[in-house]
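> Give me coordinates for this.
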Amino acid sequence: MKKYLIGCGALLVLLMFISFVIFLVGAGGYNRLVRLGQGVDAQWAQVENVYQRRADLIPNLVQTVSGAANFEKSTLVQVTEARASVGRVVIDAKNAPNDAAQLAEFQKAQGQLSNALSHLLMISEQYPDLKANANFRDLQAQLEGTENRITVERGRYNDMVRDYDTGIHTFPTVLYAGMFGFKDKAYFTAEPGAQIVPKVQFDFGGKTPDAPAKP
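Below you'll find the predicted structure:
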């Protein structure tokens, strides 16, 4: 009887030890997911910040460009409408999106704005007075810097999402991640045609520019 009780006690101690180890492992994994999730959310906020920075530059840019004589009004309308469409796609700035479709809609709107801005800057090359405008040159430099920053921050965001999503699907956290509400975060994806080098073509109002004189 005494040996039986000793055996039961030893088994109980062993079970308690195993339970404690499992608890520590589970708690460690849970805390790691929390840290990774907070990192993704913080980086998402940074992505939103740089996009907002670009949006804040646009009204001043449009105002500056509209002062150029005979500047294409349709180009200004395109930029203004693209900026407005971005504002209609609302994603919580504090929480990275779980819905890939929602992020794709956000990315599409931002991509349309990028295209509209690129077209505006390309058209601006036809206006020497505008190119000589110090305010325009400053805005152009700020926009170029912001576009580069957007690329960097999106890359960092995707890296953090990869680590977070991998953590969710790695054993043993995969056993309880869903139970505690941890869900995959959505990635930014390469935009269609991103691998194609754009062709720069100027709009000459339907006229063909004079060919250079032959020697």
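> which helices and strands sit right next to the helix or strand bottoming out on mean pLDDT in the chain?
Least confident helix or strand of the chain, by mean pLDDT, DSSP states H and E, is helix 2-66 with a mean of 84. Secondary-structure packing of helix 2-66 (3 or more C-beta pairs under 8 Å, 6 or more residues apart in numbering; DSSP states H and E): helix 73-87, helix 100-124, helix 134-168. Using the backbone N, CA and C atoms, a C-beta is placed for each residue, glycine as well.
> How far away from the center of its chain is stretch 156-174?
Going by C-alpha atoms, centre = their mean, to the nearest Å, the spacing between the C-alpha centre of stretch 156-174 and its chain's C-alpha centre is 17 Å.
> which residues touch that stretch?
Contacting residues not belonging to stretch 156-174 are listed as 25-26, 29-30, 32-33, 36-37, 39-40, 43-44, 46-47, 96, 177, 182-188 [C-beta atoms under 8 Å, 6 or more residues apart in numbering].
> CA-only coordinates of it, as PDB, when you get a sec.
Extracted as PDB, the C-alpha positions of stretch 156-174 are listed here (Å, rounded to 0.1, in the frame of the first residue of the first chain):
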ATOM      1  CA  ARG A 156       9.000  46.000 -44.000                       C
ATOM      2  CA  TYR A 157       5.300  45.300 -43.400                       C
ATOM      3  CA  ASN A 158       5.300  42.200 -45.600                       C
ATOM      4  CA  ASP A 159       8.400  40.900 -43.700                       C
ATOM      5  CA  MET A 160       6.600  41.300 -40.400                       C
ATOM      6  CA  VAL A 161       3.400  39.700 -41.700                       C
ATOM      7  CA  ARG A 162       5.500  36.800 -42.900                       C
ATOM      8  CA  ASP A 163       7.000  36.300 -39.400                       C
ATOM      9  CA  TYR A 164       3.600  36.600 -37.800                       C
ATOM     10  CA  ASP A 165       1.700  34.300 -40.100                       C
ATOM     11  CA  THR A 166       4.500  31.700 -39.900                       C
ATOM     12  CA  GLY A 167       4.300  31.900 -36.100                       C
ATOM     13  CA  ILE A 168       0.600  31.200 -36.200                       C
ATOM     14  CA  HIS A 169       1.100  28.000 -38.300                       C
ATOM     15  CA  THR A 170       4.100  26.700 -36.500                       C
ATOM     16  CA  PHE A 171       3.800  23.900 -33.900                       C
ATOM     17  CA  PRO A 172       2.800  24.100 -31.100                       C
ATOM     18  CA  THR A 173       1.200  27.500 -31.500                       C
ATOM     19  CA  VAL A 174      -0.900  26.200 -34.400                       C
END
